[in-house]
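[1] Turn this into a structure:
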Amino acid sequence: QVQLVESGGGLVQPGGSLRLSCAASGSVANINVMAWYRQAPGKQRELVAAITSDGITNYADSVNGRFTISRGNAKNTVYLQMNSLKPEDTAVYLCNAVIQTTGWWNNYWGQGTQVTVSS
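    Next comes the predicted model:
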């Protein structure tokens, strides 16, 4: 059994910062890509940022230069540093990871954490 647990969401004013964390636990053998997605009400889920096990990163155009994705030293944790937040960044942010357990690779999702940017 594998779990992804996010933390760090909340309410912040425009221009402010937040840092999201996501930790994988359980029968984790290896982790390949870890990523953050977001979903706003009435909109499709979209990729925000991703990072491979080698540290290669990819960002959505809308967040490039404002958000930074990184992985912890233990490699089972991923962070999203969000700076210069805008109201349009308001969404539920979900952690995603491709994880190998007992020989099988599967795609896992966290439960999501709410980020609200408002004055």
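[2] Residue 84 contacts residue 12, correct?
    No - taking contacts as C-beta atoms under 8 Å, residue 84 lies outside contact range of residue 12: 10.8 Å. All C-beta atoms are positioned from the backbone trio N, CA, C, and that covers glycine.
[3] higher neighbour count, these two?
    residue 12 (18 against 13; other C-beta atoms under 10 Å).
[4] what's the distance between residue 112 and residue 99?
    18 Å (C-beta to C-beta, to the nearest Å).
[5] Report the rounded mean pLDDT for stretch 50-66.
    The average pLDDT for stretch 50-66 rounds to 96.
[6] ok, and for that stretch, which residues are buried?
    Of the residues in stretch 50-66, those buried under the neighbour-count criterion (16 or more other C-beta atoms under 10 Å) are 50-51, 59, 63.
[7] roughly how far out does it sit from the chain middle?
    Centroid separation between stretch 50-66 and its chain, computed with C-alpha atoms, centre = their mean, to the nearest Å, is 10 Å.
[8] Which element, helix or strand, includes the closest residue to residue 105 other than its chain neighbours?
    Once flanking residues are discounted, residue 105 sits nearest to residue 98: 6.0 Å by C-beta to C-beta, 6 or more residues apart in numbering. Assigned by DSSP states H and E, residue 98 belongs to strand 91-100.
[9] Noted, bye for now.
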